[in-house]
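>>> Have a look; sequence and predicted model below, questions after that.
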Amino acid sequence: MVKSKVLVVGGTGYIGKRIVKASLAAGHTTHVLQRLEIGLDIDKLQMLLSFKEQGARLVEASFSDHRSLVEAVKEVDVVICTMSGVHFRSHNILLQLKLVEAIKEAGNIKQRFFPSEFGMDPALMGDAIEPGRVTFDEKMEVRKAIEEAQIPYTYISANCFAGYFVGNLSQLGTLVPPKHKVCLYGDGNVKVVYMDEDDVATYTIKSIDDPRTMNKTVYLRPPENIMTQRELIAKWEKLKGTQLHKISISQQDFLSSMKEMDYAGQVGVGHFYHIFYEGCLTNFEIGQNAEEASALYPEVCYTRMDEYLKRFLN
C-alpha cells in the first residue's frame with residue numbers, strides 16, 4: 001500500500017508532537033512545518049530537530065508568506081493542523097483560514113485536511129454557553145471555509161484528553177489525583193469519554209487514507225473508555241486502596257463559580273458543564289456522516305483508564 005505524504009502544522013504542540021510520532025511510526029513521509037517566526041524558542045527548535053533525526057522533513061514556511069504555505073502544501077497528500085487556541089480567542093482561526101486558502105490554491109485533488117479540533121464536536125455545540133461558545137463558533141467557521149472550498153476533510157472528535165481529565169479525576173485546577181476529597185459534578189453519573197493522547201494520534205493517522213473517513217467526522221469513543229466520573233474515581237480508589245470523601249456540586253453552584261474567574265477559567269467551567277452535567281459527549285447517536293474510530297480500527301489496543309492511572313501511584 002502506498003503511504004501518504006503528511007504535513008503536520010503545529011507539530012511541536014501537545015497533540016501535534018504525538019501526531020508526528022504516529023505518522024512516522026506508520027511509515028508515512030512526514031513533513032513538519034517549521035515556522036519562520038520560531039525566533040529564539042529553543043525548546044521548539046530542539047523538538048523539530050529531534051523529529052528530523054527520526055526521519056521527518058522540516059519545511060520552512062510562514063503564515064505571513066502565502067506562497068511559502070502553498071509550496072509546503074503542494075508537497076503532500078494530507079495536511080493535519082494541530083494548533084491550539086488554548087481557550088483564548090487568538091490568531092488560531094485566522095491562521096487556519098490562511099491554511100485553507102493555501103490548500104485551495106495548491107489544488108492537490110488528493111489532499112485531505114484535518115483542521116485543529118480534537119475535542120468536542122463543534123457541530124453539536126450550537127447552544128454552548130458564553131464565553132466558551134466562541135471556541136466552537138470559530139471551529140465551525142473553519143469548517144465552513146473548508147467545505148465551501150470543496151477540500152476533502154476529516155474532522156476528529158477526540159473528547160477528553162486523559163492528561164487533563166483523568167489523572168486529576170476530572171478536578172478543575174489540578175493535574176494530579178486529590179489525596180482526601182474529590183468533587184462530583186452533580187451525581188457523577190453522566191457518561192464521559194476519556195482518551196489517552198497517544199491513542200488520539202494513532203486513530204488520527206489510521207484515518208488519513210481511509211476512504212470510509214472521507215468528508216466525515218470520526219468520533220473517538222472506544223467502549224471501555226466510556227464511563228462516568230464516579231466510575232473513574234472508583235478505578236483510582238481500587239488502585240490506591242483508599243476511599244475519597246466525595247462532595248457533590250449542584251449545577252447551579254457550579255455555574256455560579258464562573259463569576260469569580262477570569263476569562264480562561266470561565267471557558268473551562270463552561271466546557272466542564274457541558275461534559276459532566278449535560279453529557280454532550282455521549283448524549284447522541286453517531287449519525288450517517290460519521291464513524292467511530294475503535295469500530296473502524298479494532299486492531300488498535302487503546303489505553304484503558306485504569307492502566308493510565310497507574311502512572312500516578314507512588
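Looks like it arrived, so ask away. Predicted model only: the values in this text are computed from it and were never measured. Residues are numbered from 1 along each chain as shown.
>>> you'd agree E60 is in a strand?
Yes: assessed with DSSP: H, G, I helix; E, B strand; the rest coil, E60 lies in a strand.
>>> top strand in this structure by residue count?
Under DSSP state E, the strand in the chain containing the largest number of residues is strand 29-35.
>>> now whichever helix or strand comes after it against strand 29-35, angle please.
Per DSSP states H and E, strand 29-35 leads on to helix 42-53 as the next helix or strand towards the C-terminus. With axes from the mean of the first three to the mean of the last three Cα atoms, to 10 degrees applied, the angle from helix 42-53 to strand 29-35 works out at 160 degrees.
>>> and helix 42-53, average pLDDT?
The average pLDDT within helix 42-53 is 95.
>>> Any figure for the gap between the nearest residue to T282 once chain neighbours are set aside and R221?
The shortest distance from T282 to any non-neighbouring residue, by Cβ to Cβ, 6 or more residues apart in numbering, is to K191 (4.1 Å). In this view, the C-beta of every residue, glycine as well, is placed from N, C-alpha and C. The gap separating K191 from R221 is 10 Å, by Cβ to Cβ, to the nearest Å.
>>> got it, and A22?
Plainly put, A22 is 19 Å away from R221 if you go by Cβ to Cβ.
>>> So between those two, which is more surrounded?
The neighbour count for A22 versus R221, taken as other Cβ atoms under 10 Å, is higher for A22 (23 against 20).
>>> Might one say that that one is in contact with A201?
Yes: if you go by Cβ atoms under 8 Å, A22 and A201 touch, sitting 3.9 Å apart.
>>> can you give me the helices in the chain?
Ranges of helices in the chain, per DSSP state H, are 16-25, 42-53, 66-74, 92-106, 133-148, 162-165, 197-207, 229-240, 251-256, 263-276, 293-296, 305-309.
>>> Out of these, flag the one nearest M214.
Proximity to M214, assessed across these by Cβ to Cβ, is greatest for helix 197-207 (9.3 Å).
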